[in-house]
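>>> Prediction below, plus the sequence it came from.
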Amino acid sequence: MSAVIEVKEISKRFGTTTALDRVSLSVEAGKVLALLGPNGAGKTTLVRVLATLVRPDDGHASIGGFDVQKDATTVRTLIGLAGQFATVDELLTGRENLELVGLLYHLDKKVYRQRAEEVLERMSLADVCDKQVKTYSGGMRRRLDLAASLMGLSPVLFLDEPTTGLDPRTRNDLWQFVQDLVAGGTTVLLTTQYMEEAEHLADSIIVLDSGHVAAEGTSEQLKDRLGGNVLEVRVSKRADLERAVSLIADLGSAVPRTDPALNQVLLPIKNGTNVLIAAGRLLEDHGIALDDLGIRRPSLDDVFLAITGHATEAHATEAVKMEGSR
Ligand SMILES: Nc1ncnc2c1ncn2[C@@H]1O[C@H](COP(=O)(O)OP(=O)(O)O)[C@@H](O)[C@H]1O
Ligand SMILES: [Mg+2]
């Protein structure tokens, strides 16, 4: 099967910043690709190149076989885009915004009215859809922006950090909606800072770090790159955490990561059962009480850290917040 989204060696510089460094990828029809990376990784720039909004310095990209530069007009008829920042009209109501988008897509009035009704319902905006957007909360605007990207019934959809800033319930609604679209044949490229989101929605994942592709594969393949498991230790007393880390660090295959909020140490390991037993003994011998001790497959967070040498932005932000609240 040929790829619907094809990106070959795309580079883009802004002054001295290399936003994209020879990025290549492809997405087949009806599949979801997640571009996973922290702030500044180049995710939005790539989406903007594919949406014909930014001209790359080098490389080629096509949508449905149409070149994003030479055939930009055709490409625009094939794509829906939900940008990272709300682009809706404040003075119109939610419904009017969507109907305007339907008009721009040259849809039949009957079709776009019906469609607006559906997506408003789906994005939990039915109650407020006849109020002016200026009265909406941030989360409501975000949902309206997403709703707008769905009006064109486009075969290809770009979602730039679709759930950043959404509450968990709305996020789950959105995930379900994306899955329904994909089941209907839509091809999706989404960007995200959340491992969980990539894992939940994507058929394949590209890890983007400082403009270059740091890794790619399914979430399972990325996890396999760690070549092992993760030992999870939860101490009963916060005061024991640092001591537990130094006791077990040598048993690991990479540096341990601590999560003080959960009294937890995560340690990448190669030899599962032996390490589990050794760690249990060591901690017991030193009188450290445990709430939990176990082995699990690595999460994408573990993988990102192992591949890029640093945590994701989302993770770093959480760590900072935790610092602040202590
Ligand atoms: N219009 C622009 N002018 C100058 N620098 C830009 C512009 N757009 C993006 N950048 C820079 O390019 C890099 C990648 O940005 P971006 O694609 O927005 O990353 P992400 O969406 O992953 O956070 C960043 O260093 C950013 O500051
Ligand atoms: Mg961005």
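Ah, there it is. Ligands and ions are numbered 1, 2, ... in the order given.
>>> Could you point out the bridge partners of the nearest residue to K131 once chain neighbours are set aside in the sheet?
On the basis of C-beta to C-beta, 6 or more residues apart in numbering, the spatially nearest residue to K131 that is not a chain neighbour turns out to be T93, at 5.9 Å. In this view, the C-beta of every residue, glycine as well, is placed from N, C-alpha and C. Each beta-bridge partner of T93 is listed here: Q132, as defined by DSSP bridges.
>>> Do I have it right that T93 meets Q132?
Yes - under the criterion of C-beta atoms under 8 Å, T93 is in contact with Q132, at a separation of 5.8 Å.
>>> Kindly state the domain boundaries assigned to this protein.
3-217, 224-325 (automatic domain parsing).
>>> Among these, show me which one is buried the most.
Comparing the domains of the chain by mean neighbour count (mean count of other C-beta atoms under 10 Å), domain 3-217 comes out on top with a mean of 19.
>>> And the helix of greatest length in the chain, how far out from the chain middle?
If each helix of the chain is counted by residues according to DSSP state H, the longest one is helix 168-183. Between the mean C-alpha location of helix 168-183 and the chain-wide mean there is a distance of 13 Å, by C-alpha atoms, centre = their mean, to the nearest Å.
>>> Mind checking what helix or strand follows it in sequence?
Scanning forward in sequence from helix 168-183 by DSSP states H and E, the next helix or strand is strand 187-192.
>>> and the next element down the chain from that following strand?
Once the chain leaves strand 187-192, the next helix or strand it forms, by DSSP H and E, is helix 195-201.
>>> Tell me the first helix or strand C-terminal of that next one.
Proceeding C-terminally, helix 195-201 gives way to strand 204-209 as the next helix or strand, assigned by DSSP H and E.
>>> tilt between the very next helix or strand once past that next one and strand 204-209?
From strand 204-209 onward toward the C-terminus, using DSSP H and E, the following helix or strand is strand 212-217. An angle of 150 degrees separates the directions of strand 212-217 and strand 204-209 when computed by axes from the mean of the first three to the mean of the last three C-alpha atoms, to 10 degrees.
>>> After strand 212-217, which helix or strand is next?
Past strand 212-217, heading to the C-terminal end, the next element that is a helix or strand (DSSP H and E) is helix 219-225.
>>> what separates that next one from the chain centre, distance-wise?
Going by C-alpha atoms, centre = their mean, the spacing between the C-alpha centre of helix 219-225 and its chain's C-alpha centre is 16 Å.
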